[in-house]
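1. Predicted model and sequence follow; I will ask about them next.
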Amino acid sequence: MRQNLLKQPGAQQRTFSMKGVLTAFLTVATLSLFGFASLLTPQTASAKTIKQLPHEPNNPKILQVYFNTTDNHEYIYNGEEWVPHDASIDTYVLKKYKKSKVLKDPAAGKNGSKNNASPSTNQGGSK
């Protein structure tokens, strides 16, 4: 009977297409099984837990992070100071590096006086 099926036109195409459908179905089923299994397994924390403290820690190390429970902000130590490690960094940077609005007089000398004349011209002598 099988020989009769293979002799019919299009029988081989149907056999190959059926194998392709079965292969695709098994692939999807296998991937789904692994996907569901990974959802059911408990996830381990790969990152360090952030300490929650009311004040900055003593003896900090560079890139150490803590959450300040007093002001509800996260901070990171940059080697010199604790800086915000969340969205509040924007206001921190604006406050710290904001340029003063006092304009310096370009005609003022190094000592701050506005008179740039040399001492010889201030004595009233003629040249």
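-> Sure thing, it's come through.

2. Shouldn't V21 be within a helix?
-> Yes. Counting by DSSP: H, G, I helix; E, B strand; the rest coil, V21 falls inside a helix.

3. With A29 as the reference, measure out to it.
-> The gap separating V21 from A29 is 12 Å, by Cβ to Cβ, to the nearest Å. C-beta coordinates here come from the backbone N, C-alpha and C atoms, glycine included.

4. Same question for D71.
-> 52 Å.

5. for K61, same thing?
-> 49 Å.

6. Check which residues of stretch 68-86 are buried.
-> Residues of stretch 68-86 classed as buried by neighbour count (16 or more other Cβ atoms under 10 Å): 68, 73-77, 82, 84-85.

7. quick check, nearest of these to Y92?
-> The nearest member of those to Y92, counting by Cβ to Cβ, is P84 at 4.9 Å.

8. Quickly list what the closest one is bridged to.
-> On the basis of DSSP bridges, P84 is bridged to Y75.

9. just checking, it touches E74?
-> Yes. Using Cβ atoms under 8 Å, P84 makes contact with E74 at a distance of 7.1 Å.

10. Tell me who's in contact with H73.
-> 67, 84-86, 88 (Cβ atoms under 8 Å, 6 or more residues apart in numbering).

11. Wait, a strand at T70?
-> No. Counting by three-state DSSP, T70 is not part of a strand but coil.

12. residues in contact with it?
-> 54-55.

13. Just flag the most distant two among the buried residues of stretch 68-86.
-> Across the buried residues of stretch 68-86, the longest distance by Cβ to Cβ is 13.7 Å; it joins H73 and Y77.

14. So I62, which state does it fall into?
-> Going by three-state DSSP: I62 is coil.

15. Which strand or helix spans the residue nearest to it when sequence neighbours are not counted?
-> Sequence neighbours aside, G79 is the residue nearest to I62 in space, at 4.7 Å (criterion: Cβ to Cβ, 6 or more residues apart in numbering). Using DSSP states H and E, G79 falls within no helix or strand.
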